[in-house]
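Enquirer: here's a sequence, model it:
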Amino acid sequence: MALTRTDALIIQSKRFRETSLFIIYYTLNFGKINAIAKGVIGTKKSPLFHLFPSYVELFLYRKESTLSLVSSSDLLDPFPKLHQDLKKLTYSLYILQLVKATIKENEKNSSLFWLLLKSFKLLEEAEEPNLIELVLVTFQLKFLKILGYGPFLNNCVSCQEKIEKNSPSLKVSAKAGGVLCGKCSRGWVSYPLDRISSCGRDGESLSIGYPLVALMNYLLDLKLSLLPRLKVPFNLRKELIKYVNYFRAYYLPVSEKSLRFLKSIEKNA
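Expert: Prediction:
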């Protein structure tokens with residue numbers, strides 16, 4: 001069994017027996033893997049393996065069918081500002097939770113690795129609350145696209161008619177996978193967004209304006225490094241967050257307990 005090297009992000013780490021750690025990584029070369037770091041508890045390197053999220057250079061003996069064995073790990077970026085800010089840390093842990101819960105082991109996806117790394121770096125450097133929210137919602141949009149869930153916004157997902165500024169009576173449906181033109185949306189039951197359950201209803205759809213469709217489409221193709229330059233009006237940003245959460249919840253029904261806890265703290269502060 002040969003020693004291999006890869007860039008990796010620590011998704012989770014927890015104690016395994018007396019002196020070892022069980023660690024979940026998302027790696028550049030192998031996707032999500034589970035590994036054991038033996039004998040690190042109580043050593044100078046112990047904090048390194050506990051810290052998540054963090055970006056490391058990883059050396060390990062890889063096994064696809066069982067736990068890989070960590071040989072050594074060098075810290076490349078601990079994202080210190082993420083760990084010093086409750087909101088940034090909560091958003092980061094939510095992103096890690098999405099990856100942990102939805103991504104299978106040993107499925108390489110370099111696009112997802114770079115999306116994760118760039119999102120953490122951008123979250124760390126973000127100073128304005130508006131930008132912090134935009135990073136999270138943009139990550140979710142791009143994450144859905146990488147996994148093949150859309151949302152598909154350029155054309156009607158039913159008849160393929162091009163969606164344009166003057167397209168009337170647009171609706172969006174998570175079940176359908178994207179935007180429906182006025183003609184094709186007639187057979188879909190429409191509900192107000194605040195009445196949609198987290199898992200969705202069969203045949204549901206939501207009315208949506210073209211400006212929001214255009215913004216979501218723009219974010220899907222936007223380089224993350226350019227996100228700080230984007231100014232989104234308050235009302236449109238709030239709509240964007242609600243619609244992306246609705247779409248994400250249909251395909252990736254992961255608990256939002258940490259986000260709700262953060263909102264309760266902010267509300268009572």
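
Enquirer: neighbouring strands - and their directions - for the lengthiest strand in the chain?
Expert: For the chain, the longest strand by residue count, based on DSSP state E, is strand 3-16. Sheet pairing for strand 3-16, assigned by DSSP bridges, gives strand 20-27 (antiparallel), strand 55-61 (antiparallel).

Enquirer: and among those strands, the most buried is which?
Expert: Of the strands paired with strand 3-16, the one with the most neighbours on average (mean count of other CB atoms under 10 Å) is strand 20-27, at a mean of 21. Bear in mind the C-beta positions are built from the backbone N, C-alpha and C, glycine included.

Enquirer: go ahead and confirm residue 163 touches residue 172.
Expert: No - the criterion here is CB atoms under 8 Å, and residue 163 misses it with residue 172 at 10.3 Å.

Enquirer: okay, these two: which has more neighbours?
Expert: Legend: neighbour count by other CB atoms under 10 Å for residue 163 and residue 172, higher for residue 172 (27 against 20).

Enquirer: what sits against the closest residue to residue 109 other than its chain neighbours?
Expert: Excluding the flanking residues, the one nearest residue 109 by CB to CB, 6 or more residues apart in numbering is residue 31, at 5.9 Å. By CB atoms under 8 Å, 6 or more residues apart in numbering, the contact list for residue 31 reads 103-109, 112.

Enquirer: mind checking pLDDT for residue 31?
Expert: At residue 31, the model reports a pLDDT of 96.

Enquirer: phi, psi of it?
Expert: The phi/psi pair for residue 31 (degrees, to the nearest 10) reads phi 80, psi -150.

Enquirer: what is the neighbour count of residue 107?
Expert: Other residues close to residue 107 by other CB under 10 Å number 10.

Enquirer: that one touches residue 27, doesn't it?
Expert: No - between residue 107 and residue 27 there is no contact under CB under 8 Å: 10.9 Å.

Enquirer: return the distance of stretch 118-136 from the chain's centre.
Expert: Chain-centre distance of stretch 118-136: 13 Å, with CA atoms, centre = their mean, to the nearest Å.

Enquirer: which parts of it are buried?
Expert: Buried residues in stretch 118-136, counted by 16 or more other CB atoms under 10 Å: 118-124, 126, 131-136.

Enquirer: and which of the residues you listed is nearest to residue 51?
Expert: Distance to residue 51, by CB to CB, is smallest for residue 120 among the buried residues of stretch 118-136, at 12.3 Å.

Enquirer: pull the contacting residues for that closest one.
Expert: Counting by CB under 8 Å, 6+ apart, residue 120 makes contact with 9, 53, 55, 79, 82, 92, 95.

Enquirer: the third one reaches residue 79, doesn't it?
Expert: The reference is to residue 55. Yes - between residue 55 and residue 79 there is a contact at 7.2 Å, judged by CB under 8 Å.
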